[in-house]
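Chemist: okay, here's the prediction I keep looking at, along with the sequence it came from:
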Amino acid sequence: MKRKSIFFAVALLGLALLASSIWVWQRNGAYGFNVLKRRGGTYWIKMGADDARLPLPMREALKETVPAVSAGQFYWREFEPGYEVAEMPVMSAAGEVDRILLNRIDPQRFRFVVRSAPEGDKGLDEWERALPSAVLIVNGSYFGLKGQPDTPFLSEGEQLGPRQYKARAGAFVAREDGSAGVRDLTRADWQGAFTGARNAMVSYPLLLGEDGQNHVNVKSRWLANRSFVAQDRAGRILVGTTKEAFFSLDRLASFLRDAPLDLALALNLDGGPIACQSVRLDGFQRRFYAQWEAQVREGAPKGTEVSLLRWPVSQATWAMPVVLTVERSR
């Protein structure tokens with residue numbers, strides 16, 4: 001009887017694992033299996049707005065009155081002709097609450113490529129090994145449950161992502177002639193913006209539009225590491241990543257509008273723990289792994305309720321199914 005009980009228990013466990021595997025494959029494909037393998041999955045933990053498990057910049061952003069911030073002093077450094085880097089402090093009256101890792105690039109000297117790895121087997125380290133000549137690797141736009149691009153997407157001339165898509169925010173477009181920039185899709189269609197492009201991706205929201213104003217109309221308290229691609233009035237491309245998770249999207253747009261970057265347009269990219277950045281220039285290297293994202297619900301029974309994104313393998317880095325890369329022009 002004891003052997004039979006053990007046999008049935010093992011059989012039931014096997015059936016449960018098989019059923020779970022089938023469900024994961026149907027819902028998430030290879031991406032889902034690699035997420036489990038890489039970091040053990042993902043879950044949310046609930047806490048108060050002043051919980052010590054939240055980093056200080058998040059707690060500052062969750063105060064009843066969010067501190068006003070402005071750009072601190074920073075300097076551009078050019079390590080290769082046409083490629084500059086900087087770190088811009090985000091300063092409140094009490095001190096630094098965030099820092100933006102900046103890249104400023106001349107599109108006539110460097111080429112931009114958007115890439116996809118829907119299997120979920122490439123994080124920052126794996127992308128670096130796969131693309132040894134890329135000088136910048138940063139996360140791109142959004143992806144679906146199976147790791148496929150969730151917005152229209154051109155990678156070296158190949159169209160990926162949905163063919164039917166209603167875009168009202170913006171796109172980043174890199175053309176064969178060496179030009180690149182952010183396109184405001186408020187009054188244009190993405191198909192027209194993609195015409196003549198070799199690499200392009202739709203993303204949202206548009207942070208700064210052609211009018212130079214904040215285009216994020218919905219105020220939010222969703223906090224995360226942020227990435228964005230922008231274009232300044234001299235035609236240079238800026239790519240930035242926040243080190244902390246102080247910014248909601250509406251406050252990030254306002255900050256970039258007022259920062260001394262001379263931006264003409266700015267487009268948000270995907271955010272949270274996926275917002276990683278690698279820079280490999282002659283004489284300069286930067287490798288940053290993001291880790292923060294939190295949803296905030298007002299009016300909970302015990303006040304403001306924060307759901308912090310976590311994963312079982314805490315030291316694991318996230319896969320990046322969609323990336324924007326910069327390479328030296330051939």
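Modeler: On my side now, so go ahead. Residues are numbered from 1 along each chain as shown.

Chemist: which stretches of the protein have low pLDDT?
Modeler: Within the chain, the ranges that satisfy pLDDT under 70 run 1-27, 299-303, 330.

Chemist: give me the phi and psi for R257.
Modeler: phi -60, psi -40 (degrees, to the nearest 10).

Chemist: and it, what does it touch?
Modeler: L208, G212, Q213, N214, L263 (C-beta atoms under 8 Å, 6 or more residues apart in numbering). Backbone N, C-alpha and C define where each C-beta goes, glycine included.

Chemist: show me the beta-bridge partners of the fourth one.
Modeler: According to DSSP bridges, the partner residues bridging N214 are L208.

Chemist: that one: neighbouring residues, count only.
Modeler: By other C-beta atoms under 10 Å, the residues close to N214 number 22.

Chemist: wouldn't it be in contact with S248 here?
Modeler: No. N214 is beyond contact range of S248, at 11.9 Å (criterion: C-beta atoms under 8 Å).

Chemist: about what we covered before: now tabulate the contacts of R257 in JSON lines and tack on distance to N199.
Modeler: Listed next are the contacts of R257 as JSON lines, based on distance: C-beta to C-beta, whole Å:
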{"residue": "L208", "distance to N199": "22"}
{"residue": "G212", "distance to N199": "26"}
{"residue": "Q213", "distance to N199": "27"}
{"residue": "N214", "distance to N199": "27"}
{"residue": "L263", "distance to N199": "21"}
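
Chemist: name the nearest of these relative to Q285.
Modeler: Lowest distance from Q285 to the contacts of R257 (C-beta to C-beta) belongs to L263, with 25.9 Å.

Chemist: could you find the closest non-adjacent residue to the closest one?
Modeler: Spatial nearest neighbour of L263, chain neighbours left out: A230 (5.0 Å); criterion: C-beta to C-beta, 6 or more residues apart in numbering.

Chemist: relative to G82, how far out is the one you found?
Modeler: Applying C-beta to C-beta, to the nearest Å, the value for A230 to G82 is 16 Å.

Chemist: those two: which has the busier surroundings?
Modeler: Between A230 and G82, counting by other C-beta under 10 Å, A230 is the more crowded of the two (25 against 15).

Chemist: right, and that one touches N268 too?
Modeler: No. Counting by C-beta under 8 Å, A230 stays clear of N268, with 9.9 Å between them.

Chemist: and for the two, which residues touch both?
Modeler: L207.

Chemist: with just CA atoms, put stretch 176-196 into PDB.
Modeler: This file holds the C-alpha atoms of stretch 176-196, laid out as PDB (Å, rounded to 0.1, in the frame of the first residue of the first chain):
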ATOM      1  CA  GLU A 176      19.300  54.000 -45.000                       C
ATOM      2  CA  ASP A 177      20.800  57.500 -45.600                       C
ATOM      3  CA  GLY A 178      22.100  57.700 -42.100                       C
ATOM      4  CA  SER A 179      19.300  59.900 -40.700                       C
ATOM      5  CA  ALA A 180      17.500  59.000 -37.500                       C
ATOM      6  CA  GLY A 181      15.000  60.500 -35.200                       C
ATOM      7  CA  VAL A 182      11.800  60.500 -33.200                       C
ATOM      8  CA  ARG A 183       8.600  60.900 -35.200                       C
ATOM      9  CA  ASP A 184       5.400  62.400 -33.600                       C
ATOM     10  CA  LEU A 185       2.500  60.300 -34.700                       C
ATOM     11  CA  THR A 186      -0.200  62.500 -33.200                       C
ATOM     12  CA  ARG A 187      -1.300  63.500 -36.700                       C
ATOM     13  CA  ALA A 188       0.600  60.900 -38.800                       C
ATOM     14  CA  ASP A 189       0.500  57.200 -39.400                       C
ATOM     15  CA  TRP A 190       3.300  54.700 -38.500                       C
ATOM     16  CA  GLN A 191       3.300  53.200 -42.000                       C
ATOM     17  CA  GLY A 192       4.300  56.600 -43.500                       C
ATOM     18  CA  ALA A 193       6.900  57.100 -40.800                       C
ATOM     19  CA  PHE A 194       8.400  53.700 -41.600                       C
ATOM     20  CA  THR A 195       8.700  54.400 -45.300                       C
ATOM     21  CA  GLY A 196      12.300  54.300 -46.400                       C
END
